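Asker: Sequence and predicted structure, then a few things I'm wondering about:
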Amino acid sequence: MNKIYKSLKLRAGVYYWYWQRASAMSPPEVLHRVSEQGRRFGWRLKRFGWRRFDAPDGNLEANRNLMAALASPVGADHIDLLTREVENIRARGVTLLGLEWPADALKTLSPDLWLQDPVTKKQWPGKQTFCFDINYRSASEHSDVKFVWELNRLQMLHPVAMLARIRGDRSDVAWIMKVITSWMQANPPFRGVNWSSGIELGLRMVSIAIIVACIGEYLTPDQRRQIRTFVAAHGFWLQHNPSLYSSANNHRVAEGLGLLLAAQLTPDLPESPRRYREAVSILQDAVQTQFFADGIGVEQSPSYTAFTLEMLAFAALVLKDEPEATRLNPASLVKPATALRCFLNEKGIPPNIGDNDETRVVSGPLGREPRYVSSIIAAVEGLSGSKEPPPPHDLHIRDLIFGSSNAFRFPETRLATFAAGGYTTYQESSPRRHIHLVFDHGPLGFGTIAAHGHADALALWLSVDGDPVLADCGTYLYYSIGPFRDVFRATGSHSTLQVGQDSQSETAGAFNWKRKAMGRISSSAHSGTAWEVEGEHDGYARRYGAVHRRRVSYDGDAIEIVDRLTGSFRDVDTCISYLLDSSVVPELRSDRTVVLRRRGSVLGRIIFSGPAAHTERISLSTVPFSPQFNRLTSTSRIDVRVNSRPSDTIKTRIEFT
């Protein structure tokens, strides 16, 4: 009876998510979701097992382009990197998203390993539960599902397989196969939490493709058959569970990549030609749908743009020798990579705009990768043969696959405005200082749900000498923090203006918005080192009759921000906030000035001016701050509270020391 209750409770949570999403669905999508549920109901009754996908020994084709890239001469630095990484994995375990999986767990390889929540130590639903009955979005008994998924991508096998190819060490091959066998024992097809999301299956296919390219020649017939069975089940799932309509974001790209690799690895299976054609269509279409015409990623998140680019670059590599009609031209990725480069500061690190869950396609070294975006730009440039020097990035096995260079430079002065994608970026490099500024005047995010966007229209991000000053609140976690997820996405957690207590855009679940602010650029001008850009958004037009307009300008010495509300409203309470990086210490002076210090040195000051009669107060507050996924701390926020009238303007001047 208890099992029945738990099963009904899990399904109720899943259906509640669909009910929330229905408000953002078009009629065709509603029909698609109904059909999808009908198909999944049939799967639930069939109880698939590995035997259903048994693929007797046949072709297990390593992609020749991937093999050629991995067969290129490897420098001593990369060999040292691989050796250290493999030794760490075998001796100390792995650390993913800040959490440790101990070495003894990877030595015993108990099937329980693949379902264990590393925070609560409880087991996620496994072989007894149909994957689509698991309410991983709000499972109160567990922590964030991303933790268990991170290990199940099998990305710790990337450096092991690459080093096994270099050393020809059969013990590494045996351990890799033990890992795959253990995973299959714990995760029969379509049962358990590790079959719940297509993006996870797509990334596991990348792991298998790298493994086969590195050690395929060492596999026995039984081992080839085992991997073919693994691939066949993943290909079947990916073919029949597409992320369409409002879900056709980076998940769809991952599914397309996984489907492509499944078809290439097992070309003799009857379904492979169809899967191949479908995958190529998905990936070619993604080049158009996942980026605006000016190259900005539709997710409105630099990290997710980089992740999508990495998937497409991997696909372009494996399709390199195919006929032109089924090829993915690496040159088509250059414009998004060039646009993404504008978000990098002097140290090669972008602001933490929108969601950032640190998802990677190629992993090694494991763990945090602060210059991930830089590495992906370098990968695209290496793959496309671009002559533009790549930005600074850390040594990575990704360099071996894509032929990335380590040379880099930044231009002395650069102003770039992306009208379609909705950003203006400015970078100045001089003997006096390095300034990097990003101004958001664009849409909330991708499609009707804008899953990874934050309510940050007209927000600013500022870096001085390579370190953030005006920062972003970050992401923290996805599924296990309940309403706290909304705090990190809210307008009040960003450096922009808020009316009343309301966000510009209104949420409808952890990855959904029921009302979205529309931002746009209204004017721009520049002359020499001086420039100004004005943007506006309508997030408060319906509720308050007010449109927020913000003009940002730079005169070579200071940044000036002018905020005003226009419309038919009378008086409204507004709060202009500036979120500081946790390394910045503010000091509020009595003359409406805030002095900013870092490590005891003065960075500059922020001076406020405006309708003094209506200004309630300037204050400092402490707010949640997440510089990395699964890392929570606090930082300071400057709040300027004003009872605004249509004619009022509030000026903020940022002067540098």
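Answerer: Good, I have the coordinates.
Asker: can you pull out the helices in the stretch 201-350 of the chain?
Answerer: 221-240, 250-265, 272-289, 302-318, 334-341 (DSSP state H, counting those that start in this stretch).
Asker: Need the contact partners of the last one.
Answerer: So that's helix 334-341. 291, 294-297, 302, 305-306, 309, 350, 373, 376-377, 380-381, 384, 386, 388, 391, 416, 418, 421 (C-beta atoms under 8 Å, 6 or more residues apart in numbering). For glycine as for every other residue, the C-beta is placed from the backbone atoms N, C-alpha and C.
Asker: Excluding chain neighbours, what is closest to L244?
Answerer: Among residues not flanking L244 along the chain, H32 sits closest, at 6.0 Å (C-beta to C-beta, 6 or more residues apart in numbering).
Asker: How far off centre is the helix or strand the one you found falls within?
Answerer: Taking DSSP states H and E as the definition, H32 sits inside helix 27-46. Between the centre of helix 27-46 and the centre of its chain there are 28 Å (C-alpha atoms, centre = their mean, to the nearest Å).
Asker: likewise stretch 484-501?
Answerer: A distance of 20 Å separates the centroid of the chain from that of stretch 484-501, by C-alpha atoms, centre = their mean.
Asker: now stretch 77-87
Answerer: Worked out by C-alpha atoms, centre = their mean, stretch 77-87 lies 26 Å from the chain centre.
Asker: what does stretch 600-607 give?
Answerer: For stretch 600-607 - counting by C-alpha atoms, centre = their mean - the centre lies 32 Å from the chain centre.
Asker: I'd like the average pLDDT over that stretch.
Answerer: Rounded to a whole number, the mean pLDDT of stretch 600-607 is 94.
Asker: Check stretch 383-392 too.
Answerer: 84.
Asker: Same question for stretch 569-579.
Answerer: Stretch 569-579 comes out at a mean pLDDT of 92.
Asker: low-scoring pLDDT stretches of the stretch 51-200 of the chain, where are they?
Answerer: 139 (pLDDT under 70).
Asker: how does it look with 80?
Answerer: 57, 138-140 (pLDDT under 80).
Asker: so how far is V362 from the residue most central in space within the chain?
Answerer: Nearest residue to the geometric centre of the chain (C-alpha atoms, centre = their mean): Y304, 3.3 Å. As for Y304, its distance to V362 is 16 Å (criterion: C-beta to C-beta, to the nearest Å).
Asker: just N352 next, same as before
Answerer: Going from N352 to V362 by C-beta to C-beta gives 22 Å.
Asker: And for E310?
Answerer: 7 Å.
Asker: Overlap in contacts, these two.
Answerer: By C-beta under 8 Å, 6+ apart, the residues touching both E310 and V362 are R398.
Asker: circling back to that earlier point, please work out which residues outside the helix or strand following the helix holding H32 touch it.
Answerer: Moving toward the C-terminus from helix 27-46, the next helix or strand (DSSP H and E) is helix 64-71. Under the contact criterion C-beta under 8 Å, 6+ apart, helix 64-71 has outside partners 162, 165, 209-210, 213-214, 317-321, 400-403.
Asker: How far off centre is helix 64-71?
Answerer: 27 Å.
Asker: Kindly report the same for stretch 74-94.
Answerer: 26 Å.
Asker: Also stretch 223-232?
Answerer: On C-alpha atoms, centre = their mean, the centre of stretch 223-232 falls 30 Å from that of its chain.
Asker: The chain should start at 566 in everything you say after this.
Answerer: Sure thing, new numbering starts at 566, so read that last one as stretch 788-797.
Asker: Let me know the average pLDDT across it.
Answerer: pLDDT averaged over stretch 788-797 gives 97.
Asker: got it, and stretch 811-820?
Answerer: 94.
Asker: Contacts for stretch 789-800 next, please.
Answerer: For stretch 789-800, the external contacting residues (C-beta under 8 Å, 6+ apart) are 613, 615, 617-623, 625, 742, 745-746, 749, 754, 766, 769-770, 773, 776-777, 784, 823-824, 827-828, 830-831, 834, 836-837, 840.
Asker: Buried only: go through those residues for me.
Answerer: 613, 615, 618, 620, 625, 742, 745, 749, 754, 766, 769-770, 773, 776-777, 784, 823-824, 827-828, 830-831, 834, 837, 840 (16 or more other C-beta atoms under 10 Å).
Asker: Listing partners with orientation, what would you give for the helix or strand encompassing N1208?
Answerer: In the assignment (DSSP H and E), N1208 maps to strand 1196-1209. Its sheet considered, strand 1196-1209 pairs with strand 1137-1144 (antiparallel), strand 1180-1193 (antiparallel) by DSSP bridges.
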